[in-house]
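*Asks:* Need a 3D model of the sequence below.
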Amino acid sequence: MLLADDWKDYELIDTGNGEKLERWGKYILRRPDPQIIWPIKDEKGLWKKADAHYHRSQSGGGRWEFKKKLPERWKISYQDLSFYIEPTGFKHTGLFPEQAVNWKWMIDKIRSASRKINVLNLFAYTGGATVACAYANASVCHVDAAKGMVQWAKENLALSGLADRSVRFITDDVIKFVQREKRRGRQYDAIIMDPPSYGRGPRGEIWKIEDALYGFVEECLDVLSPKPLFFLINSYTTGFSPTVICNILKMTVGKRFGGTVSCGEVGIPASSSGIVLPCGIYGRWEAQEK
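*Replies:* A predicted model of the protein is given here:
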């Protein structure tokens with residue numbers, strides 16, 4: 001398991017009873033997490049300091065209970081990268097801090113390459129990976145179906161002082177975008193994707209990961225350059241083994257380009273107990289080192 005354990009502006013404080021207690025900058029949030037099936041050891045202590053608590057509804061969704069007035073959004077940083085944090089109506093904050101382990105890996109891969117790297121970031125959300133790749137001086141094409149998320153990513157790029165970097169922001173269905181890029185003959189040296197378990201595109205296109213992922217990765221092969229650098233897949237789909245992602249990468253990218261494939265979990269240790277919270281899985285294909 002890869003651990004995101006070197007944050008300063010973020011801290012997983014404690015976990016228990018289906019919830020996690022986190023510090024985002026100077027604000028403490030309490031949010032649900034389905035992986036946490038163990039009890040809270042002491043709910044009278046740190047848990048009472050939460051500035052906001054997200055309550056899940058029995059009928060789906062939920063709401064934030066604010067214990068004090070928080071700003072609409074605020075900034076946190078990871079090393080030289082900065083991001084806006086905002087409690088949303090779906091319990092999220094606009095950032096997945098465990099992905100810092102992948103940001104570091106991507107930055108290192110791009111900087112170690114002896115050429116300009118062109119990156120395609122699919123299902124790109126608020127642009128954590130986009131900001132990291134732009135920071136490493138790659139050209140990036142950022143694609144997400146949600147207009148609001150694309151705007152948030154633009155703001156994160158500017159917040160990190162990288163607004164002058166070569167980044168294209170596209171609001172589109174990722175499958176249709178890749179198909180068009182294929183027809184245009186555009187190619188990328190690296191592809192990142194963070195597919196949802198289920199989703200709808202801007203025109204009602206339905207995505208189910210178990211039905212669509214293999215075929216989509218296969219389609220992405222046709223927009224990879226002749227000497228690709230890496231291919232990264234993240235997944236938060238409950239029940240998916242990392243080996244599933246490994247197998248897909250071996251049968252597609254690995255079969256065509258050789259290289260090596262690795263996979264596993266990402267997690268964050270709780271500062272109060274040391275217990276590691278699993279936060280999804282990853283699969284990485286990378287070109288063979290010469």
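*Asks:* ok, how many other residues are close to residue 134?
*Replies:* Look at residue 134: counted by other CB atoms under 10 Å, it has 26 neighbours. C-betas here are computed from N, CA, C, even on glycine.
*Asks:* my hunch is that it is in a helix, does that hold up?
*Replies:* Yes. The assignment for residue 134 is a helix, going by DSSP: H, G, I helix; E, B strand; the rest coil.
*Asks:* if I pick it, what's in contact with it?
*Replies:* 140, 157, 160, 162, 165, 166, 167 (CB atoms under 8 Å, 6 or more residues apart in numbering).
*Asks:* what pLDDT does it get?
*Replies:* Looking at residue 134, its pLDDT is 98.
*Asks:* For it, which non-adjacent residue is closest in space?
*Replies:* Ranked by CB to CB, 6 or more residues apart in numbering and with sequence neighbours excluded, the top spatial neighbour of residue 134 is residue 165, at 4.1 Å.
*Asks:* host element of the one you found?
*Replies:* Under the criterion DSSP states H and E, no helix or strand holds residue 165.
*Asks:* Would you mind confirming that it makes contact with residue 137?
*Replies:* Yes. With contact defined as CB atoms under 8 Å, residue 165 reaches residue 137; the gap is 7.4 Å.
*Asks:* So between those two, which is more surrounded?
*Replies:* Applying other CB under 10 Å to residue 165 and residue 137 shows that residue 165 carries more neighbours, namely 18 against 14.
*Asks:* and that one, what pLDDT?
*Replies:* Residue 165 is assigned a pLDDT of 97 by the prediction.
*Asks:* For it, give me its contacts.
*Replies:* Counting by CB under 8 Å, 6+ apart, residue 165 has contacts 134, 135, 137, 140, 157.
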